[in-house]
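[1] my questions concern the predicted model and sequence given below.
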Amino acid sequence: MRNLQPKGSSPGEKGLPRPLSTRSNIDPFIVMDVLRVANEKTVAGDDIIHMEVGQPGTPAPARVVEAAHQALDRYTLGYTDALGLPELRERIAGHYKRQYGISVSPAQVAVTSGSSAAFILAFLAILDPGARVAIPSPGYPCYRHILKALGAEAAILETGAETRWMPTAEGIAALHGQTPLHALLLASPANPTGTMLVGDALRQLVRACDEHKLWFISDEIYHGLDFEEPAKTALAYSDTAIVINSFSKYFSMTGWRIGWMVVPDALVRPIERLAQNLFICAPAISQYAALAAFDAYEELEANKAVYRTNRDMLLQELPGASFTDILPADGAFYLYADVRHLTDDSADLARKILEECGVAVTPGVDFDGVRGKHHLRFCYSGTTERMHEAASRLRDWSRRNS
């Protein structure tokens, strides 16, 4: 099995006319490497339980699938407006009124090819090369990889259990005081921890960014997947926040590659120009299908109930498999376990678990380059039956290795 440790590309590969760009020399998204190896084992006939990749185990809602079929029959599915179908932008704006009681103009909404395209558009719109963006650690690795590829810098903001693995206003001020920042980017609920900002924490962070004249970028892709209390949108506290979301997680549409962003009026035209040139538009069929996602809440809430059941079951069962130190899980569909009592090399431990018990998990080094060697992430978005089977395999594996 291939080594799952981070490894950048090598400039100057033999046989190429010129060296590769330094911008291409970024670390891999390790979870995708794990997924590839797990899929290879599945093809070879192994029964692999996927707890590595962060995606729902359920298909798109039935209404979405039906809307896609209808779109194939009714429309030519050519290019749409660069910022998306007007009717989809209106429905997204309506989502903010329904979900948060906040009025958003459809003109502020940009439909994107997943949240990944939204991050690229946001970074290009507000950052020049060399700009520094505060990124909580542990955190989603693609933030820093995209920033590096675009010539910007991820300023790592370490978080801890005392703040539920979330940044604080004081931490932002301290990091900004060392070397000036340009923006703060965070997610709540967060990947990989499953923790979220509670109480007045989000308002305080927005105020801190306003005080230091920083852009506030809020990754709200896991909104809707909150178990203890509803997640809050940064739009409730800021007229200049950049909010990024997607139909991937709560709406169960990862492979459809359809997301959105809500931006201040002054950013709409810059985002549109960039989208026109970089992406032309998001996939038309996915846009038409996504219109129906907002009519599928009953099915989506049923999916969410399964995630809650899985979370509660694994929090009870995983300690019996030697995973005794797990962060509080407020939302998303992740558990982040401290495994320092088992290893100093989480990538090697993930490899052993995959090889020896057929459960694919993600090493923490994907999310935290320093402390991640002592952590594993478990994604519990599969069926409850498969999550029970995973827990059983992990307990048996732990007993064999104790």
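    Good, I have the coordinates. Numbering: from 1, shown residues only.
[2] quick one: Arg164 from Gly364, how far?
    17 Å (CB to CB, to the nearest Å). (C-beta placed from N, C-alpha, C; glycine too.)
[3] so the two - more neighbours on which side?
    Gly364 (27 against 18; other CB atoms under 10 Å).
[4] for that one, give me its contacts.
    By CB atoms under 8 Å, 6 or more residues apart in numbering, the contact set of Gly364 is 138, 192, 336, 346, 371-377.
[5] same question, Val34
    Val34 makes contact with 4, 52-53, 350, 354, 360-363 under the criterion CB under 8 Å, 6+ apart.
[6] quick one: contacts for Asp366?
    When contacts are counted by CB under 8 Å, 6+ apart, Asp366 touches 6, 29-31, 141, 192, 372, 377.
[7] ok, back up a step: buried ones only from the contacts of Gly364, please, as a ChimeraX command.
    In ChimeraX syntax, the buried subset of the contacts of Gly364 is picked out as below (16 or more other CB atoms under 10 Å):
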select :138,192,336,346,371,372,373,374,375,376,377
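[8] how distant is the host helix or strand of Ala118 from the center of its chain?
    When secondary structure is defined by DSSP states H and E, Ala118 falls within helix 114-126. Averaging C-alpha coordinates over helix 114-126 and over its chain gives two centres that are 14 Å apart (CA atoms, centre = their mean, to the nearest Å).
[9] which residues are contacting that helix?
    Looking at what lies outside helix 114-126 - CB under 8 Å, 6+ apart - the contacts are 110, 112, 133, 142-143, 146-147, 150, 152, 182-183, 215, 217, 219, 221, 242, 244-246, 248, 257-261, 263, 267, 270-271, 274-275, 278-279, 282.
[10] and stretch 75-82, by the same measure?
    Stretch 75-82 is contacted by residues 71, 111, 272, 275-276, 279-282, 284-285, 287-288 when judged by CB under 8 Å, 6+ apart.
[11] inside strands: which ones of the residues you listed?
    With strands identified by DSSP state E, the entries of those that belong to them are Val111.
[12] what's the closest of the contacts of stretch 75-82 to Arg23?
    Comparing the contacts of stretch 75-82 against Arg23 with CB to CB places Phe279 closest, at 18.5 Å.
[13] residue contacts, the closest one?
    Under the criterion of CB under 8 Å, 6+ apart, the neighbours of Phe279 are 82, 112-113, 117.
[14] between the contacts of Val34, which sits nearest Ala292?
    Distance from Ala292 was checked for each of the contacts of Val34 by CB to CB. The minimum falls on Val53, at 24.8 Å.
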